[in-house]
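A.B. asks: Provide a 3D model corresponding to the input given below.
(one chain, ligands or ions: 2)
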Amino acid sequence: MAPHTEQLTRPAVQLRGLTRSFDGRTVLDGIDLDIPAGQFVALLGHSGSGKSTLLRAVAGLDHEVTGSGQLTAPERVSVVFQDSRLLPWRRVLANVLLGLDGKEAEQQGREALAEVGLAGRERAWPNELSGGEAQRAALARSLVREPELLLADEPFGALDALTRIRMHALLRELWERHRPSVLLVTHDVDEAIALADRVLVLEHGRIGLDLTVDRDAQARGEYRVRLLAALGV
Ligand code: ADP
Ligand code: MG
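C.D. replies: Ligands and ions are numbered 1, 2, ... in the order given. Next comes the predicted model:
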């Protein structure tokens with residue numbers, strides 16, 4: 001057996017009984033969740049259902065969560081948020097490289113920017129970018145760290161519909177090339193079906209529906225109906 005086989009087959013996320021309350025109100029109520037290495041998962045749920053809370057816990061950003069979890073090492077996890085969180089006083093390439101040093105890193109940063117369609121914008125300031133470009137830069141900043149697990153919290157939620165569609169294509173393409181595990185939080189049913197191989201619905205603090213999406217299926221419409229029903233829409 002190849003020495004790296006174990007590492008390749010280790011799940012990226014393995015949660016058992018993940019629980020989180022705020023002021024005595026239970027938001028996550030004993031969540032069990034396995035995400036195999038390389039799987040693209042979308043997490044749907046109503047506003048306030050606990051999606052961001054779950055994502056923060058998986059990212060290791062929440063120290064008050066209880067339960068057990070074998071998770072990807074924190075340095076192999078990247079998080080993308082709804083706003084790009086680029087530092088306005090640093091140029092685009094410097095934002096992508098933040099915390100990384102050296103010529104090799106710089107070259108990788110340039111390549112990552114080219115991959116997301118921002119070649120030539122290395123020296124731009126963040127406020128010179130459109131919303132979509134800023135999210136591209138945020139994806140490049142994740143990519144350059146070669147994450148095993150990419151967490152994204154409504155990353156396209158603030159973009160216009162056309163830009164969003166282009167970003168869907170870009171994210172799926174990046175995933176196909178680099179194969180990180182992805183946990184994408186969204187409230188958009190169509191976005192979830194368009195991007196993910198598996199869609200989860202979070203309700204009442206639990207995973208209420210766990211749907212495998214056959215990407216070749218003619219059954220997109222049927223997925224939509226089932227997901228909307230699970231969401232009570
Ligand atoms: P979603 O991302 O699905 O919209 P969140 O995970 O942000 O939902 O929030 C789930 C619930 O937990 C909400 O009712 C929210 O008010 C509550 N909540 C989240 N973070 C905190 C916090 N830091 N303090 C108190 N309540 C919180
Ligand atoms: Mg949220």
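A.B. asks: what's near enough to touch the residue in the chain that ligand 2 sits nearest to?
C.D. replies: Residue of the chain nearest ligand 2, by CB to the ion: residue 52 (3.2 Å). Yep, even glycine has a C-beta here, placed from its N, CA and C like the rest. Residue 52 makes contact with 153, 185, according to CB atoms under 8 Å, 6 or more residues apart in numbering.
A.B. asks: double-check that it belongs to a strand.
C.D. replies: No: under the criterion used here (DSSP: H, G, I helix; E, B strand; the rest coil), residue 52 is helix, not part of a strand.
A.B. asks: any idea how far it lies from residue 136?
C.D. replies: Distance from residue 52 to residue 136, counting by CB to CB, to the nearest Å: 22 Å.
A.B. asks: ok, now residue 19?
C.D. replies: Counting by CB to CB - residue 19 and residue 136 are separated by 36 Å.
A.B. asks: neighbour count winner among these two?
C.D. replies: Neighbour count, other CB atoms under 10 Å: between residue 19 and residue 136, residue 136 has more, with 25 against 15.
A.B. asks: buried sites along the helix or strand hosting that one?
C.D. replies: Assessed by DSSP states H and E, residue 136 sits inside helix 131-143. Residues of helix 131-143 classed as buried by neighbour count (16 or more other CB atoms under 10 Å): 132-143.
A.B. asks: just stretch 42-52 next, same as before
C.D. replies: Within stretch 42-52, the residues scored as buried using 16+ other CB under 10 Å are 42-45, 49-52.
A.B. asks: can you pull the contacts of the closest residue to residue 27 other than its chain neighbours?
C.D. replies: Leaving out its chain neighbours, the residue that sits closest to residue 27 by CB to CB, 6 or more residues apart in numbering is residue 50, at 4.3 Å. Contact partners of residue 50, counting by CB under 8 Å, 6+ apart, are 20, 27-28, 202, 205.
A.B. asks: can you show me the helices along this structure?
C.D. replies: Along the chain, counting by DSSP state H, helices occupy 5-9, 51-58, 92-97, 102-115, 131-143, 161-178, 189-195, 220-230.
A.B. asks: residues from the protein in reach of ligand 2?
C.D. replies: With CB under 5 Å from the ion as the criterion, the chain comes near ligand 2 at residues 51-52.
A.B. asks: give me the low-pLDDT residue ranges for the chain?
C.D. replies: 1-9, 70-71, 217-218 (pLDDT under 70).
A.B. asks: the same query, at a cut-off of 50, please.
C.D. replies: 1-6 (pLDDT under 50).
A.B. asks: what does it put close to ligand 1?
C.D. replies: 22, 27, 45, 47-53 (CB under 6 Å from any ligand atom).
A.B. asks: what is the nearest of the residues you listed to residue 107?
C.D. replies: Checking the residues of the chain next to ligand 1 against residue 107 by CB to CB gives residue 52 as the nearest, at 34.4 Å.
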